[in-house]
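# quick check, what structure comes out for this input:
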Amino acid sequence: MAKTPKQSSRSAFERVQLARHPERPYTLDFVERIFENFTEIHGDRRYADDPAVVCGFARFHGMPVLVVGQQKGRDTKQRQFRNFGMPKPEGYRKAIRAMKLAEKFDRPIFTFIDTPGAYPGIDAEERGQAEAIAYNLREMAKLTVPILVTVIGEGGSGGALAIGVGDQVLMLENSIYSVISPEGCAAILWKDSGQAARAAEELRLTAKELREEGIVDQVIDEPKGGAQNSHDEAARLLDSALCERLAESSTQSVAERLTRRYQKLRELGKWGTRADNS
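Just a heads-up that it's a prediction; the model follows:
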């Protein structure tokens, strides 16, 4: 899909705003349009269920797969129920529990990232938020089945990375992926959250920039004006990319897959040091 001049010339902060658009398609919107027979899995078997993370087995073009994604809400009631898409430890523990089930039954895993970050409340910290994220990073790196990761909106720090370790990492054109929000970065660096637009440029958080850094494998075009304008078209474009990437990952041996996945995870610590950017 060719980009219009308006699309290609958007600033980093304009893309931040599109990534946060309240009408942008969320995980369950893509599940409805891309997958069949979705059956949700609830609970981490340790504490509770976390509605900010949805997990379930489904079929992708006839193939049994697992879908894991962060989910925001459309209205005030749903946003509160989903905790504004900010998972707690039980959400990440539910996710890895489901992923290990998928590995047991040899089913590929699709994860969809869309969160401002892991929930920072004291209750989450008391239940081991940092440990849950770290555990997921380690365990996802070892899963033997294909894992395809797609950033569909906001990719906020460790809250996103906790379900973001995969063989292939894709991003929708107007999604973002960053260690910190532009507002948070501006408040730390310049003591002024109003400098968010400047921070967005410095963070290099857009899909195009992350593709250039080698952190992302593919940038997926969106409908004209953004994915919020046509959920059906956004799903069609994403579906096509997922088919292609799953076929590629499925041809790799387990050893090749794990090596590539681990290398991709390690590359996140080398941002800005690639030879072609020196």
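# list the contacts for the closest residue to Leu210 other than its chain neighbours?
In space, and not counting its chain neighbours, Leu210 is closest to Val216: 4.4 Å by C-beta to C-beta, 6 or more residues apart in numbering. C-beta: built from backbone N, CA, C; applies to glycine. Val216 makes contacts with Val151, Val169, Leu170, Met171, Tyr177, Ala207, Leu210, as judged by C-beta atoms under 8 Å, 6 or more residues apart in numbering.
# what's the following helix or strand after whichever strand or helix holds the second one?
Counting by DSSP states H and E, the element that carries Val169 is strand 168-172. Once the chain leaves strand 168-172, the next helix or strand it forms, by DSSP H and E, is strand 176-178.
# now that following strand: how far from the chain's centre is it?
Strand 176-178 sits 9 Å away from the centroid of its parent chain (C-alpha atoms, centre = their mean, to the nearest Å).
# buried stuff in the helix or strand just after it?
Later in the chain than strand 176-178, the nearest helix or strand by DSSP H and E is helix 182-190. Under the neighbour-count criterion of 16 or more other C-beta atoms under 10 Å, helix 182-190 has Pro182, Glu183, Gly184, Cys185, Ala186, Ala187 buried.
# tell me the pLDDT of the fifth one.
Read it as Ala186. pLDDT recorded at Ala186 is 93.
# got the phi and psi for the most centrally placed residue in the chain?
Residue closest to the average C-alpha location in the chain (C-alpha atoms, centre = their mean): Ile113, at 2.0 Å. Reported as degrees, to the nearest 10, the phi and psi values for Ile113 are phi -100, psi 130.
# would you agree it is in contact with Gln70?
Yes - the criterion here is C-beta atoms under 8 Å, and Ile113 meets it with Gln70 at 6.3 Å.
# which residues do the two both contact?
Taking C-beta under 8 Å, 6+ apart as the contact rule, Ile113 and Gln70 both touch Ala160, Ile163.
# strands along the stretch 51-200 of the chain, start to end?
Counting by DSSP state E, counting those that start in this stretch, the stretch 51-200 of the chain has strands at residues 53-60, 63-70, 109-115, 147-156, 168-172, 176-178.
# of all these, which one is nearest Pro223?
Nearest to Pro223, of all the strands of the stretch 51-200 of the chain, is strand 168-172, at 10.4 Å by C-beta to C-beta.
# looking at it, Pro87 is touching Tyr119, isn't it?
Yes - counting by C-beta under 8 Å, Pro87 touches Tyr119, with 6.3 Å between them.
# where does the stretch 151-278 of the chain have low pLDDT?
Scanning the stretch 151-278 of the chain for pLDDT under 70 picks out the ranges 269-278.
# let's see 80
Where the stretch 151-278 of the chain drops to pLDDT under 80, the residues are 267-278.
# give me the more crowded residue out of Pro87 and Tyr119.
More crowded of Pro87 and Tyr119, by other C-beta atoms under 10 Å: Pro87, with 30 against 21.
# how near is the nearest residue to the more buried one once chain neighbours are set aside to Gly164?
Sequence neighbours aside, Ala52 is the residue nearest to Pro87 in space, at 4.4 Å (criterion: C-beta to C-beta, 6+ apart). Taking C-beta to C-beta, to the nearest Å as the measure, Ala52 falls 15 Å from Gly164.
# still on that earlier bit, next, give phi and psi for the residue nearest to Pro87.
phi -70, psi -20.
# picking that back up, what's the separation between the residue nearest to Leu210 and Ala199?
For Val216 relative to Ala199 (C-beta to C-beta), the value is 20 Å.
# related to what we said a few turns ago, so can I have TSV of the strands of the stretch 51-200 of the chain showing distance to Arg260?
Formatted as TSV, the strands of the stretch 51-200 of the chain follow (distance: least, C-beta to C-beta, whole Å):
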stretch	distance to Arg260
strand 53-60	21
strand 63-70	19
strand 109-115	15
strand 147-156	11
strand 168-172	9
strand 176-178	19
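# tell me which helix or strand the residue nearest to Leu210 sits in.
Using DSSP H and E, Val216 falls within no helix or strand.
# redo the contacts of Val216 as TSV? Include distance to Met140 and neighbour count.
Formatted as TSV, these follow (distance: C-beta to C-beta, whole Å; neighbours: other C-beta atoms under 10 Å):
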residue	distance to Met140	neighbour count
Val151	15	26
Val169	12	26
Leu170	16	24
Met171	18	27
Tyr177	16	26
Ala207	21	25
Leu210	19	23
